[in-house]
Structures are given as C-alpha cells and as structure tokens.
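Undergrad: Below are the sequence and a predicted model for it; my questions follow.
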Amino acid sequence: MHWYEKLNQYFPVEEMKSKEHMETLLKEHSEIYHKDEGTNYVLMYAELDNFVFIDYLFVSNKARGEGLGHSLLEKMKEKEKPIILEVEPINYQDSDTEKRLRFYKREGFQHAKSIGYERRSIATREVTPMEILFWAPHNESEQMIFKAMQKTYEMIHTFKDKQFYGESYQHVDEVLSFEENKNNKNMLRNV
C-alpha cells in the first residue's frame, strides 16, 4: 500500500493534507520536509535549525507493541532538538486517542498547556481543537514551542494552500494562541 494511503486510512480527514500538498513539500522543501517509510510505518516530519515537527507518525496495527514507535522517536531525539507534534484531545469513544497519549507520555513528551490551537478544516468546514505535545531536551520553554508551531503552521500547513485546496487556511494568529497562565488541564496527567 502507498504511504499516503496508509496515512489517509489512519488519520481523520480534517487532519490530512492532500497527497499533492505532501508530495510538493517533499520535492520543493526537501531540505526540511522528510519521509521515513518502512513496511509497517510512515513518519513525516520537518526538521528546522532549532526543532523537529512530527507531521504524521503511523505504525500499523500488526507492528504495535513491538517498540517500533519508540525506535522512530529515539532517532528523532538523537537530533537533540525539541520535538513538537499535534494530537487530538482525548475522545473516550475512540480508545486510540488515549493509547496515543499514554505512548507519548511514556516517551517523555509534555503537554503545552499555554498553547491554544483551533483550525478550521477546509475539507469538513469544522473547527478542530488540537493539543500540542513536545519533548524538550534542554528544558525549552512553551514560548519557544509556540514560536516553532507558528513557523510550522506558516511553512508546512499553509504551504501553497490556495493552489492545493482552492482557498487559504486561516491566518496563524486566528489558529494559534499563547496564554502563559491559562488554566488548561494537563491532558497527560491522568493517562
């Protein structure tokens, strides 16, 4: 099965970039946007000077529990840069969301409680809240993670969006917010 089909079957439509969008990122931004693919996994990520953004991490059902996800994250951690990723809030009707959060917690990721993230999907028109998780090898601040997410949104998520989707995504300031003393619960606390 083609790598895009693996991702498309696993991730919700509102989180998926088009195949053309991702292939163009791989071609035109090959210095920062990468694909690592094996029989049982697909990892799409952007590596910039001071952080790594994991766009998609898919491990097939038959390979789960074998340490493959851990190995892939260890390769990313060897870069000694903060690692950032987006996750759905816990959905108790979907046991995968809680398992995913438990996995990232075991891997040493933190919840960026100060960062708000709500993006309107061009595909569904629904506003989807997402949470930001990060791994900070040098105790990088949530403010640094926020700035990295803004850069990611502008360089990766909205890259040629009008060309690929016929319209532009919302401006970064409408999607991401930072509130240092926000009373946001740590979503990893009880998983």
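TA: Perfect, I can see it now. Computed from a prediction, not measured in an experiment: that's the story for all the values here.

Undergrad: mind listing what's buried in the least confident helix or strand in the chain by mean pLDDT?
TA: Using mean pLDDT, DSSP states H and E, the weakest-scoring helix or strand in the chain turns out to be helix 95-106, at a mean of 84. By 16 or more other C-beta atoms under 10 Å, the buried positions in helix 95-106 come out as 97, 100, 101, 103, 104, 105. Heads up, the C-betas are built off the backbone N, CA and C, glycines and all.

Undergrad: Turn the residues you listed into a markdown table, columns for distance to residue 114.
TA: Formatted as a markdown table, those follow (distance: C-beta to C-beta, whole Å):
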| residue | distance to residue 114 |
| --- | --- |
| 97 | 21 |
| 100 | 21 |
| 101 | 18 |
| 103 | 23 |
| 104 | 18 |
| 105 | 18 |
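
Undergrad: nearest to residue 137, of the residues you listed?
TA: Distances from the buried residues of helix 95-106 to residue 137 were compared by C-beta to C-beta; the smallest belongs to residue 104, at 15.2 Å.

Undergrad: And for that closest one, nearest residue in space, chain neighbours not counted?
TA: When the adjacent residues along the chain are set aside, residue 104 lies closest to residue 133, with 5.3 Å between them (C-beta to C-beta, 6 or more residues apart in numbering).

Undergrad: wait, what's in contact with that neighbour?
TA: 84, 85, 86, 87, 104, 109, 110, 111, 112, 188 (C-beta atoms under 8 Å, 6 or more residues apart in numbering).

Undergrad: Top of the residues you listed by number of neighbours, please.
TA: Compared across the contacts of residue 133, residue 84 has the highest neighbour count, 26 neighbours, by other C-beta atoms under 10 Å.

Undergrad: Run through who's touching the helix or strand hosting that residue.
TA: Residue 84 is located in strand 83-87, with elements delineated by DSSP states H and E. Residues from elsewhere that reach strand 83-87 (C-beta under 8 Å, 6+ apart): 15, 51-54, 57, 73, 76-77, 97, 100-101, 104, 109, 117, 130-135, 145, 148-149, 152.

Undergrad: Which of the residues you listed fall within strands?
TA: Cross-referencing those with the strands (criterion: DSSP state E) gives 52, 53, 54, 57, 117, 131, 132, 133, 134, 135 as the overlap.

Undergrad: Wait, the first one touches residue 82, no?
TA: Yes. Using C-beta atoms under 8 Å, residue 52 is in contact with residue 82, at 7.2 Å.

Undergrad: Buried residues of stretch 77-84, list them for me.
TA: Taking 16+ other C-beta under 10 Å as the neighbour-count basis, stretch 77-84 is seen to contain the buried residues 81, 82, 83, 84.

Undergrad: Check those residues and tell me the two furthest apart.
TA: Of all the pairs that the buried residues of stretch 77-84 form, the one spanning the most space (C-beta to C-beta) is 81 and 84, at 9.5 Å.
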